[in-house]
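Student: Have a look; sequence and predicted model below, questions after that.
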Amino acid sequence: MKKLKLFSFVIFLLVNNSAFAQVEKSKTKKPQWTIGAILINEWNYYNYLGGPHVSQNYFNGVTLKQHFESFTARVGIEYITINNMPSKRIDFGSDVSGYFNEGIVRLGIEKGIAIKSKVRPYLALDVAGLRTYSDFITESKGVFASLSKRQVSSGFGFGLMPAIGFEYKFTKLVSLSFETRARFIFNNWTTKTLDAYDGTEWDHQKSKDFNITLNRIGGLTLNIKF
C-alpha cells in the first residue's frame, strides 16, 4: 500500500512538472526567422580574363532563413561586378580590360547540429539561377601593330550549389556564419565579337557549357534572428 502511494506520488510529480514545462515552453518563443547580410564572398571563374581568376566581393547579398523542427529553408540573393583593368605591359602579349556582372538567386535547405549552444556546423544544398553579362576588350601586341577585339556576352545559368559551413552564435539573436560552396552550373551564352581589323560587323554566336567551380569563401554572413 505504501509502495502504491509512493508510486502515485511520483507519477503526480512527473505529470505536474511536465505540464509546467510545457506551459513555460509555450511562453518562450524561439526565433523562427534569420536575416543575414553577406559581408564577403569569393568568386572563381576560369573562362574569362585569360585564365583562372579569383576575386573577393564585399556586402554583395542578403539571405533569409526560416527554421523548422527538422531543417531550415533558405533563400539568397547575390550580385557581383568585376572590373578588369589593363596591365602596363609593353612587350609582346595581350591585355584584357572590361567588366563582368553576375546576379544569383538561390533557394535551398540547410541541416545543422548545435554544439555546446554556440557552434553549429551545417550542410546545405541550393538550387540556383544565374544571370550574367560581360564586356571585354582584348588588345594583342605584336611586332607591327596592336590588334584589338571586343567581346560582349550575356548568359543564363542554372544548377546546384552544395555547401558546408558553420555558425557561431554571439547571443541568442546574433551570429556569424561561414560556408564553402561548390557550383555545378549549366550555362547558355549569347556572344557577339567585333574585330577591329574586320570593320564594324559583329559576329554573333550561341553556346552552352557546364561549369564546375569551388568558392572557398562561399559567404561570410552576419545574421540576426527574429
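Tutor: In hand now; what should we look at?

Student: and after the helix or strand of the chain with the lowest mean pLDDT, which helix or strand comes next?
Tutor: The least trusted helix or strand in the chain, going by mean pLDDT, DSSP states H and E, turns out to be helix 2-27, with a mean of 45. Per DSSP states H and E, helix 2-27 leads on to strand 33-45 as the next helix or strand towards the C-terminus.

Student: partners of that following strand in the sheet?
Tutor: Take DSSP bridges as the rule and strand 33-45 pairs in its sheet with strand 53-67 (antiparallel), strand 203-225 (antiparallel).

Student: buried sites along that strand?
Tutor: Using 16 or more other Cβ atoms under 10 Å as the test for burial, strand 33-45 gives 34, 36, 38, 39, 41, 42, 43, 45. Quick note: C-beta positions are derived from backbone N, CA and C, even for glycine.

Student: got the contact list for stretch 156-171?
Tutor: Residues external to stretch 156-171 that are found in contact with it (Cβ atoms under 8 Å, 6 or more residues apart in numbering): 106, 108, 112, 117-132, 175-188, 211, 218-219, 223.

Student: List the buried residues in that stretch.
Tutor: Going by 16+ other Cβ under 10 Å, stretch 156-171 has these buried residues: 157, 159, 161, 163, 165, 167, 169.

Student: just these now: which is nearest residue 194?
Tutor: Sorting the buried residues of stretch 156-171 by how near they are to residue 194, with Cβ to Cβ, puts residue 157 at the top with 24.3 Å.

Student: and the gap between the closest one and residue 138?
Tutor: From residue 157 over to residue 138 the distance is 23 Å, taken as Cβ to Cβ, to the nearest Å.
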